[in-house]
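Participant: Test case, fold it:
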Amino acid sequence: MSEIAITRTQQPKAPPPDESLAFGDVFSDHMFQMNYEVGKGWHDPRIVPYGPFMLDPACCVLHYGQGIFDGLKAFRGQDGHIRLFRLGDHARRLNRSAHYLCIPELDPAMVEESIRALIEVDRNWVPRKAGTSMYIRPTVIATETFLGVHPSHSYLYYVIAGPVGAYYKEGMNPVRILASDQHVRAVKGGLGAAKTMANYAASLYGAEEAQKAGYTQVLWLDALEHKYLDEVGTMNIMVKIGDEVVTPPLGGAILAGITRDSVLTLLRGWGMKVSERAVSIDEVLDAAKAGRLEMWGTGTAAVISPVGELGFKGERHLINDGKTGALTQKLYDAIVGIQYGTEPDPHGWARLLGN
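Facilitator: I've put the predicted structure just below:
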């Protein structure tokens, strides 16, 4: 593995106060970069001052969207240690996305080291207040200059990071989601299982309509029948109906969420009945009307997000009286406790960076 060259900024910025943090609008002093060329492979790993880089107007990613990214977090605990949550799993998922987009895979060890090294250089940017963290965005873009549809022969891998607060303005309070049978995010056989720019572009129109109607996010249904739950906006979705927790199976249209996997692992360890199966919007609405439904989203950005209201075909359905369910809260507390080092970590999910 090549040694990472480090060029430190001559104009360091002061990190913003923890109390002021939103999500995704502040970035730390440095970024990681590494290049790929056919015949040379991945090379020149480096950390440089954060700033723009130049792209040719005919750059492949700008025209054909050949690009991927991932997202993970670093947490500073009360003990002063910085913990990276499920770093290895995020590195492996980045490569799975690369496979879908015909991008040369990276050495997972280098991906992990690039992230550790960047956070080490910018460790003073990792916030301290409970509920805050350092969001990390590893990204790969195609950089060859051409107009024509084929995989690029050159790429740039880069990592940026920044301190963040809550992803949703509601925080851990229940959000409202709108189930859409008019718009489609992804289809089986497409790019739904990859974390790529195209999936998020496809979600924008439906999300805007939902927000205009007073909802936070869109609940996407399957593309074929518009009947079965897929994902919620930037999250995987889970429901508790009676004593069974159900989440849609990974079938090619749904991203394999790291938080999703964490939740399923915890639930099974607690001895709960867990099913990865198709769940229809009708089954969910029937459970809501009967008062037997608890619903939440899982994702790196929000961790666990309770759902308090579900809209569908002009009707609004209150879930769990609009309150955070007991299991939802238990899951949030368990995962956040591991991330900040206040609870045991039996699965070894948190990687210590140091203090």
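Participant: right, and residue 91 touches residue 112 too?
Facilitator: Yes: using C-beta atoms under 8 Å, residue 91 is in contact with residue 112, at 5.2 Å. Where you see a C-beta, it was placed from the backbone N, CA and C, and this is true even at glycine.
Participant: quick one: which of these two has more around it?
Facilitator: Neighbours per residue, other C-beta atoms under 10 Å: of residue 91 and residue 112, the larger number sits with residue 91, 22 against 17.
Participant: For the more buried one, list the residues it contacts.
Facilitator: Each residue near residue 91 by C-beta atoms under 8 Å, 6 or more residues apart in numbering is listed here: 106, 108, 111, 112, 115.
Participant: can you pull out the helices in the stretch 101-250 of the chain?
Facilitator: Taking DSSP state H, counting those that start in this stretch as the test, the helices found in the stretch 101-250 of the chain are 108-121, 197-212.
Participant: and those as JSON lines, adding mean pLDDT and distance to residue 134?
Facilitator: As requested, these are exported to JSON lines (pLDDT from 0 to 100; distance: least, C-beta to C-beta, whole Å):
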{"stretch": "helix 108-121", "mean pLDDT": "97", "distance to residue 134": "7"}
{"stretch": "helix 197-212", "mean pLDDT": "91", "distance to residue 134": "21"}
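Participant: Leaving out sequence neighbours, find the closest residue to residue 226.
Facilitator: residue 181 (4.0 Å; C-beta to C-beta, 6 or more residues apart in numbering).
Participant: Relative to residue 147, which of the contacts of residue 91 is nearest.
Facilitator: residue 106 (26.7 Å; C-beta to C-beta).
Participant: what about that closest one, neighbour count?
Facilitator: 21.
Participant: And the pLDDT at it?
Facilitator: Predicted confidence (pLDDT) at residue 106: the value is 97.
Participant: Please, where are all the strands along the stretch 1-150 of the chain?
Facilitator: Using DSSP state E, counting those that start in this stretch, the strands of the stretch 1-150 of the chain run over 5-6, 30-37, 41-49, 67-69, 72-76, 82-85, 133-142.
Participant: Parallel or antiparallel, list what pairs with the last one.
Facilitator: Sheet partners assigned to strand 133-142 using DSSP bridges are listed as strand 67-69 (antiparallel), strand 72-76 (antiparallel), strand 154-164 (antiparallel).
Participant: Can you say which of the ones you listed is nearest to residue 276?
Facilitator: Once these are compared by C-beta to C-beta, strand 72-76 is nearest, at 22.9 Å.
Participant: quick one: that closest one to chain centroid distance?
Facilitator: 13 Å (C-alpha atoms, centre = their mean, to the nearest Å).
Participant: tell me the SS of residue 332?
Facilitator: helix (DSSP: H, G, I helix; E, B strand; the rest coil).
Participant: Isn't it up against residue 166?
Facilitator: No: counting by C-beta under 8 Å, residue 332 stays clear of residue 166, with 12.0 Å between them.
Participant: can you tell me which of the strands paired with strand 133-142 comes nearest to residue 8?
Facilitator: Across the strands paired with strand 133-142, closest to residue 8 is strand 154-164 (C-beta to C-beta), at 15.3 Å.
Participant: low-confidence ranges in this structure?
Facilitator: 1, 168-171, 354-355 (pLDDT under 70).
Participant: Break it down into its domains, please.
Facilitator: The record, using automatic domain parsing to delimit domains, assigns the chain the ranges 5-164, 175-340.
Participant: In a markdown table: those domains, plus distance to residue 349.
Facilitator: Shown next, in a markdown table, are the domains of the chain (distance: least, C-beta to C-beta, whole Å):
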| stretch | distance to residue 349 |
| --- | --- |
| domain 5-164 | 5 |
| domain 175-340 | 6 |
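Participant: Of those domains, which is nearest residue 353?
Facilitator: domain 5-164 (3.9 Å).
Participant: for the closest one, how far is the first residue from the last?
Facilitator: 27 Å (C-alpha to C-alpha, to the nearest Å).
Participant: ok, residue 194 touching residue 100?
Facilitator: Yes: counting by C-beta under 8 Å, residue 194 touches residue 100, with 3.8 Å between them.
Participant: so the residue nearest to residue 214 when sequence neighbours are not counted bridges to which residues?
Facilitator: The shortest distance from residue 214 to any non-neighbouring residue, by C-beta to C-beta, 6+ apart, is to residue 176 (6.6 Å). Going by DSSP bridges, residue 176 is paired in beta bridges with residue 309.
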